[in-house]
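Chemist: Return a 3D structure for these sequence lines:
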Amino acid sequence: MKEKTISVRSSGREQILIVTRDVNAALGELTSGEGICTIIVPHTTCAISVNENADPDVPADLTRALRAMIPGVRFDHGEGNSDAHLLSMIIGTSLSWPYRNGKLVLGTWQGIYFVELDGPRERKIIVYV
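Modeler: Just a heads-up that it's a prediction; the model follows:
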């Protein structure tokens, strides 16, 4: 198994960054072949997902919707970020996705989303083949 780590810097507490190019660049360094890659974020307050990469309003819309999903729940966790832990668990911290010729096989409008839920922070995305 081969791996490549990508660094991502968020600028807000909740933020969606489209990282498709970064993941494809990592894949290109790892392989020119085809198969299934695994993309993970080794953190408990962020997530990784696939969604639309064409309209710049979609990430902001989804960020607002994620915030609205957490009503006035009382969390006891002392760091004050249990909402981020919950959303990370719901969205997920890994993807398995096909690639061909060292690039992700995505639909026309699909892109890889890094979902920051407790930033701003420096984070890692790891791509495995």
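Chemist: neighbours of residue 1, just the number please.
Modeler: Burial of residue 1 is recorded as 6 neighbouring residues (other Cβ atoms under 10 Å). Heads up, the C-betas are built off the backbone N, CA and C, glycines and all.
Chemist: Over to residue 54?
Modeler: Using other Cβ under 10 Å, residue 54 has 10 neighbouring residues.
Chemist: Now it: closest residue in space that isn't a chain neighbour?
Modeler: Residue nearest to residue 54 in three dimensions, not counting chain neighbours: residue 109, with 5.1 Å by Cβ to Cβ, 6 or more residues apart in numbering.
Chemist: Was I right to think the one you found contacts residue 20?
Modeler: No - look at residue 109 against residue 20 with Cβ atoms under 8 Å: they stay out of range, at 11.3 Å.
Chemist: give the contact list for the residue nearest to residue 54.
Modeler: With contact set as Cβ atoms under 8 Å, 6 or more residues apart in numbering, residue 109 has these partners: 52, 53, 54.
Chemist: For the last one, grab phi and psi.
Modeler: Read it as residue 54. Backbone dihedrals for residue 54, given as degrees, to the nearest 10, come out at phi -100, psi -40.
Chemist: That one and residue 18: what is the separation?
Modeler: For residue 54, the distance to residue 18 equals 10 Å [Cβ to Cβ, to the nearest Å].
Chemist: can you check residue 128 too?
Modeler: Look at residue 128 and residue 18: by Cβ to Cβ, they are 20 Å apart.
Chemist: Check residue 77 too.
Modeler: Taken as Cβ to Cβ, the span from residue 77 to residue 18 is 29 Å.
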